[in-house]
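Q: pasted the sequence and its predicted model underneath.
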Amino acid sequence: MRMLWGAGFILAGIFLLMYPQVEKKAADQKQERLIEAFEQLSYVGTQIDEAESPIAEQASVRQDAVELLDGARGVIRIPRIDLNMMIFEGSDESALRKGVGMIEPEKEFGRNNVGLAGHRAVTYGKQFNRLNELAPNDEIEIETKTGRYVFVVIKAFVVDRTKVEVLADQKEPLLTLVTCTPIGKKNPTDRLIVQAKLKNFG
């Protein structure tokens with residue numbers, strides 16, 4: 001009986017150790033599917049007339065992509081921290097469960113100070129877990145239906161969650177990444193902010 005209990009505890013321990021890796025892999029696969037769907041929306045329209053791509057099949061692929069990407073605004077890529085995620089309108093829990101949230105969807109990349117919010121937790125919502133590793137001159141890429149924007153990090157700092165003025169428009173286009181800090185704390189009142197300026201658009 002003791003051996004059974006011991007084996008049970010060992011298996012439970014192994015499960016607890018492996019769970020974060022399994023969860024991360026599942027989240028990464030989901031993001032890959034979303035990004036593929038986003039890219040399909042950009043190219044499917046140009047492929048409709050190709051002989052090897054029947055119209056009915058292309059229409060079906062496009063409809064699947066549209067449903068998967070309800071509220072999608074683009075893709076964020078941060079090479080320094082190996083981040084590739086979809087951006088969705090809004091910063092409520094529904095948007096943040098799918099990817100990174102665009103706090104003020106009415107704003108435009110390359111024109112305004114666009115705020116993007118992401119979870120930062122030990123076991124759930126790992127979007128911005130490594131945001132604190134970013135340093136000045138690190139690049140952040142934003143891909144939308146209209147083009148690709150490259151931003152360069154200019155500063156990182158911590159503010160109280162009430163300091164929403166960090167999202168105010170400035171003289172130049174900015175990207176403001178927002179997440180909770182410190183990592184793992186329940187209901188933290190502080191926010192880690194990373195701001196970047198527009199480098200180029202193409």
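A: Okay, I see it.
Q: may I have stretch 81-95 exported as CSV, CA atoms only?
A: Extracted as CSV, the C-alpha positions of stretch 81-95 are listed here (Å, rounded to 0.1, in the frame of the first residue of the first chain):
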residue,chain,number,x,y,z
ILE,A,81,12.2,37.3,-26.3
ASP,A,82,11.0,34.8,-28.9
LEU,A,83,7.5,36.3,-28.9
ASN,A,84,5.0,35.7,-31.7
MET,A,85,1.4,36.4,-30.9
MET,A,86,-1.8,37.7,-32.4
ILE,A,87,-3.2,41.1,-31.5
PHE,A,88,-7.0,41.3,-30.8
GLU,A,89,-9.2,44.3,-30.2
GLY,A,90,-9.8,45.2,-26.5
SER,A,91,-8.1,44.3,-23.3
ASP,A,92,-10.8,42.3,-21.6
GLU,A,93,-10.3,38.7,-20.5
SER,A,94,-11.8,37.4,-23.7
ALA,A,95,-9.1,39.2,-25.9
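Q: so what touches it?
A: Residues from elsewhere that reach stretch 81-95 (C-beta atoms under 8 Å, 6 or more residues apart in numbering): 31-32, 34-35, 38, 69, 71-77, 98-103, 105, 115-118, 127-128, 130-131, 133-134, 142. Using the backbone N, CA and C atoms, a C-beta is placed for each residue, glycine as well.
Q: just the element for the nearest residue to Glu143 once chain neighbours are set aside, please.
A: Nearest-residue entry for Glu143: Val75, 4.5 Å, with adjacent residues in sequence omitted and distances by C-beta to C-beta, 6 or more residues apart in numbering. According to DSSP states H and E, Val75 maps onto strand 72-78.
Q: other SSEs contacting that strand?
A: helix 2-47, strand 83-89, strand 139-144 (3 or more C-beta pairs under 8 Å, 6 or more residues apart in numbering; DSSP states H and E).
Q: quick one on the thing from earlier: return the set of residues that bridge with the residue nearest to Glu143.
A: Beta bridges link Val75 to Met86, Glu143 when assigned by DSSP bridges.
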